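J.: Structure for this input, please:
(one chain, ligands or ions: 2)
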Amino acid sequence: MSERLIEPPTLFVNASQVVTCAGPARARRGSEMNDAGVRTGVGVAVAGSRIVAVDAVASLRQHYKDAHEIDCRQGVLTPGLVDSHTHGIFGRPRFDEQEMRAAGLDYMEIARRGGGIHSSVRDLRAQSEESLLDLARVRLRRLSSFGSTTVELKSGYGLTLEDELKTLRVIAQLSRELPLRIVATFLGAHEIPLEHRGSAAARQTYVDSLINEMIPAISARQLARFADVFCETGVYTVDESRAILTAARDAGLLLKLHADELTSSGGAELAASLGATSADHLAAISDGGIAALAHASTVATLLPGTMLFLGKTKHAPARRLIEAGIAVALATDFNPGTSPTPNLPLVLTLGVSQLRLSVAEAVVAATVNGASALALADHVGQIAPGFSADLALFDIGDIRELPYWYGDNRCVATYVRGKPCYTSDLAIT
Ligand code: NIG
Ligand code: FE
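T.: Numbering: from 1, shown residues only. Ligands and ions are numbered 1, 2, ... in the order given. Now for the predicted structure:
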């Protein structure tokens, strides 16, 4: 008999609110985002890895007589948060660049001088697989500690077949050993490596190697579910991005795109036309880009922490996106250059204060819509029967406090597939 069948169910009881985000198993668009399914007076029953019921505690107790109970002590229970965009596998942090930017040097200018992503590439190539694994383990624990139970991890600081494979093997190992739900993305097109920047022919050689060597090798080894490209003026053009993503799609990978982050270059239109699962950043999206996403199923993943950290005042036009009927997700973009925060609730704060989302919209953006940005919305992102028991418990009495206590960590525990994933020292026992 399997362990699942002999384990008694677990009841999560005594939560001040259960924020279910329950509804259709797909991204919420437009006004649908304004309903986070906040319920009071209910508990959650979990059997094995799945949620089996959300109901009044008295009826759950009657139905699940032998259940083990977890007392939520008047905290708020939410679906585990989904951080659908991170670059979490890197070596040295790049705190030196922060002062350079404060002194007036632009992010792209730092990159042109061989810093930025190039600096992380030099560093990652010199790191052993073991040291990258050790660094990432600790960093992922920090992400978990803020309530994230699903984390997307991109490669993209290797930029050779060998170093990209090394990064993706680290991600696969983390996924095997940690309770966290991890999704891998191949981002070999994060930059044109410096050694390929000398001429148009050298540049084309790298694009060809992405298409003809790296994508087939990664797909054959099943080391990534998604492929992504940094489509930006000075990095990959729209034509190069289209060629790379088309090859990735033909190889069976799902698509993401860093689109219109700093300048408007037609990235959102490209993502929509390729049927990408998500288009990410979008601070500089054009009117045409908004119209294109409105007619596609692509999720718009917004990363306001990046704009904050880069000292930019321009943010993605979240309200216009939602009003156009587009599904919006929020994520940290956790990376050593433009967003070194593991704190997804802080990004919710920025979602409300800078992007003008309601709290319900921000919560939906970091749960059900984050899951949809990872093609997981059929079993992740909701507290509803049949969904995976991925839960986060916060030491607050009202969900509106989650973005309110900004920068504070109110997460006391998370569960993934019904098993404890993270427990704080201040945990509710
Ligand atoms: O999403 N835009 C490209 N990639 C990251 C930055 C990575 C880095 O600077 O190391 C981003 O902002
Ligand atoms: Fe990014």
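
J.: which bits of the stretch 201-350 of the chain sit near ligand 1?
T.: Those residues of the stretch 201-350 of the chain that sit near ligand 1, judged by CB under 6 Å from any ligand atom, are 230, 258, 261, 306, 333, 335-338. Using the backbone N, CA and C atoms, a C-beta is placed for each residue, glycine as well.

J.: Could you dump these into CSV with secondary structure, neighbour count and pLDDT added?
T.: Below are those laid out as CSV (DSSP: H, G, I helix; E, B strand; the rest coil; neighbours: other CB atoms under 10 Å; pLDDT from 0 to 100):
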residue, secondary structure, neighbour count, pLDDT
230, strand, 23, 98
258, strand, 29, 98
261, coil, 28, 95
306, helix, 29, 97
333, coil, 29, 98
335, strand, 27, 98
336, coil, 23, 98
337, coil, 24, 97
338, coil, 25, 96
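
J.: Closest one to residue 274 out of the residues you listed, please.
T.: Checking those against residue 274 by CB to CB gives residue 258 as the nearest, at 13.6 Å.

J.: From residue 84, how far off is the nearest residue to that closest one once chain neighbours are set aside?
T.: The shortest distance from residue 258 to any non-neighbouring residue, by CB to CB, 6 or more residues apart in numbering, is to residue 230 (4.4 Å). As judged by CB to CB, to the nearest Å, residue 230 and residue 84 stand 16 Å apart.

J.: quick one on the thing from earlier: isn't the residue nearest to residue 258 up against residue 188?
T.: No. With contact defined as CB atoms under 8 Å, residue 230 does not count as touching residue 188 (10.4 Å).

J.: Overlap in contacts, the two.
T.: Residues touching both residue 230 and residue 188 by CB atoms under 8 Å, 6 or more residues apart in numbering: residue 156.

J.: buried set for stretch 105-112?
T.: The neighbour-count check on stretch 105-112 (16 or more other CB atoms under 10 Å) flags 107, 110-111 as buried.

J.: how about the residues of the stretch 1-150 of the chain near ligand 1?
T.: Contacts of the stretch 1-150 of the chain with ligand 1, taken as CB under 6 Å from any ligand atom, map to 87, 116-117, 120.

J.: Put together TSV for these, with pLDDT, neighbour count and distance to residue 421 on each row.
T.: As requested, those are exported to TSV (pLDDT from 0 to 100; neighbours: other CB atoms under 10 Å; distance: CB to CB, whole Å):
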residue	pLDDT	neighbour count	distance to residue 421
87	98	26	21
116	95	20	33
117	97	25	30
120	98	26	28
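
J.: Which parts of the stretch 101-250 of the chain are helices?
T.: 107-112, 117-126, 129-145, 161-177, 200-209, 215-220, 238-250 (DSSP state H, counting those that start in this stretch).

J.: Point me to the residue of the stretch 201-350 of the chain nearest ligand 1.
T.: In the stretch 201-350 of the chain, the residue that lies nearest ligand 1 is residue 337 (2.3 Å; CB to the nearest ligand atom).

J.: contacting residues for that residue?
T.: 94, 97, 107, 116-117, 120.

J.: State the pair within those residues that is farthest apart.
T.: 107 and 120 (13.1 Å).

J.: Against which helices or strands is the longest strand along the chain packed?
T.: In the chain, with assignment by DSSP state E, the single longest strand is strand 181-189. In this structure, strand 181-189 packs against strand 148-154, helix 161-177, helix 215-220, strand 226-231, helix 238-250, with contacts taken as 3 or more CB pairs under 8 Å, 6 or more residues apart in numbering; DSSP states H and E.

J.: Adding distance to residue 301, write those out as JSON lines.
T.: Listed next are the helices and strands packed on strand 181-189 as JSON lines, based on distance: least, CB to CB, whole Å:
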{"stretch": "strand 148-154", "distance to residue 301": "10"}
{"stretch": "helix 161-177", "distance to residue 301": "19"}
{"stretch": "helix 215-220", "distance to residue 301": "22"}
{"stretch": "strand 226-231", "distance to residue 301": "11"}
{"stretch": "helix 238-250", "distance to residue 301": "16"}
